[in-house]
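**Q** One predicted model, sequence on top.
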Protein chains: 2
Amino acid sequence: MSVLAEASRQKASSLSDLEVESIEMFINFLRLLGWPKSVGEIYGLLFVSAGPLAMGEIMARTGMSLGAASQGLKLLREFGAVRTVYMPGARKDHYVASGELSRFATSYIEEELLPRMRTAQERIKRMEKMMQSLPESGGQLPAERIDRLKYWLDKGQKVVPWLVKFLKL
Amino acid sequence: MSVLAEASRQKASSLSDLEVESIEMFINFLRLLGWPKSVGEIYGLLFVSAGPLAMGEIMARTGMSLGAASQGLKLLREFGAVRTVYMPGARKDHYVASGELSRFATSYIEEELLPRMRTAQERIKRMEKMMQSLPESGGQLPAERIDRLKYWLDKGQKVVPWLVKFLKL
DNA sequence: CGAATCTTTCAATAACAAATGAAAAATCCA
DNA sequence: TGGATTTTTCATTTGTTATTGAAAGATTCG
């Protein structure tokens, strides 16, 4: 067996079935939020880890590169999905997954969804003005659509806080 | 002015301010669902259109290619976000946007979110089995995490139908 | 300090996804 | 039916995002 093939075999076998399940699951979920695979790998591994892991261990177990591990951990730290723990006598940072899964959902809502809804509401105001200053009937249909959109956005903005609260619970 | 520059100027000026607002808004929202820009362009244009539009008109107004228009319309049709209307004496298909914006949200939930949640629940079952057949304490922490995940997924599955109902309202 | 260790950054590359447009397929009248 | 029109498909090109790894930057410890 070639050195390379051996290395890749090693890589695969260094993950338990449990870890593989967890990693695949989080890759799938985090893809919904538009996050790269490497982030799912890191979080999935940490999620079922019995103890804190250093970056080097994460790299070794998953086979990802230095840069991917560093950047992925940075992102996860920023979102509060992962944190470092103090390990007496250890030089390397050690990471554990936050168990609060709601963080992913709520950060998506707050950082992606809500800003877009707010932008959309400003757009709608502008669109309504444009409709008024249009030569007579700029169209009955568009006007109704815009009304509907406004209504729907209002409703959305109302349900979001409730949803966030529910998820955090 | 070069022929190309002229063409691109034409392209831009053939959209009203209203249409541009609408298009940009839907590009932004549909990106959340992982849909390509061209789809947002088509839907945004149709959304504020006073009447049905044929594919050729959509291409001409937005400047997108034949293939992109055809595929985008196909996708939107499949999701029920757009439909053809009968136009007496017209050969080309003519499209209108469905005003039901909830379709986007509900189809995302039903086609993306729920399937993943179901897969995750199967994974969790397997993971629980693995934990049991692990040498004594495969870890207190992982076991708790898996419990928590199960709890969270259950909760998610419960809130989703409610949310869908609310959105459709 | 200063050498060793660990982490971040970022330019280059690889992997992936979207857009294009020519060719094929389907549809429609005369 | 047959020619013209319209739509779909799909191989290729283009554009975007993720990953890599070397170099720079921090940090820690003796």
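**A** Perfect, I can see it now.

**Q** what about residue A:167, which helix or strand?
**A** Assigned by DSSP states H and E, residue A:167 belongs to helix A:140-168.

**Q** Can you name every helix or strand that that helix contacts?
**A** helix A:102-108, helix A:114-132, helix B:37-47, helix B:140-168 (3 or more CB pairs under 8 Å, 6 or more residues apart in numbering or on different chains; DSSP states H and E). (Glycine included, C-beta is placed from N, CA and C.)

**Q** Report the angle between that helix and helix A:114-132.
**A** 160 degrees (axes from the mean of the first three to the mean of the last three CA atoms, to 10 degrees).

**Q** Okay, angle between helix A:140-168 and helix B:37-47 too, please.
**A** Relative orientation of helix A:140-168 versus helix B:37-47 (the same axes, to 10 degrees): 130 degrees.

**Q** rewinding a little: could you dump the helices and strands packed on helix A:140-168 into JSON lines and include mean pLDDT, mean neighbour count and distance to DNA strand C?
**A** Below are these laid out as JSON lines (pLDDT from 0 to 100; neighbours: other CB atoms under 10 Å in any protein chain shown; distance: least, CB to the nearest atom of the strand, whole Å):
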{"stretch": "helix A:102-108", "mean pLDDT": "91", "mean neighbour count": "18", "distance to DNA strand C": "18"}
{"stretch": "helix A:114-132", "mean pLDDT": "95", "mean neighbour count": "15", "distance to DNA strand C": "17"}
{"stretch": "helix B:37-47", "mean pLDDT": "98", "mean neighbour count": "24", "distance to DNA strand C": "3"}
{"stretch": "helix B:140-168", "mean pLDDT": "91", "mean neighbour count": "15", "distance to DNA strand C": "21"}
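
**Q** what's the closest of those helices to residue A:46?
**A** helix B:140-168 (9.6 Å; CB to CB).

**Q** Return the distance of the closest one from the chain's centre.
**A** 23 Å (CA atoms, centre = their mean, to the nearest Å).

**Q** does stretch A:127-136 come close to chain B?
**A** Yes: between stretch A:127-136 and chain B, judged by CB under 8 Å from any CB of the partner chain, the touching residues are A:127, A:130, A:131, A:134.
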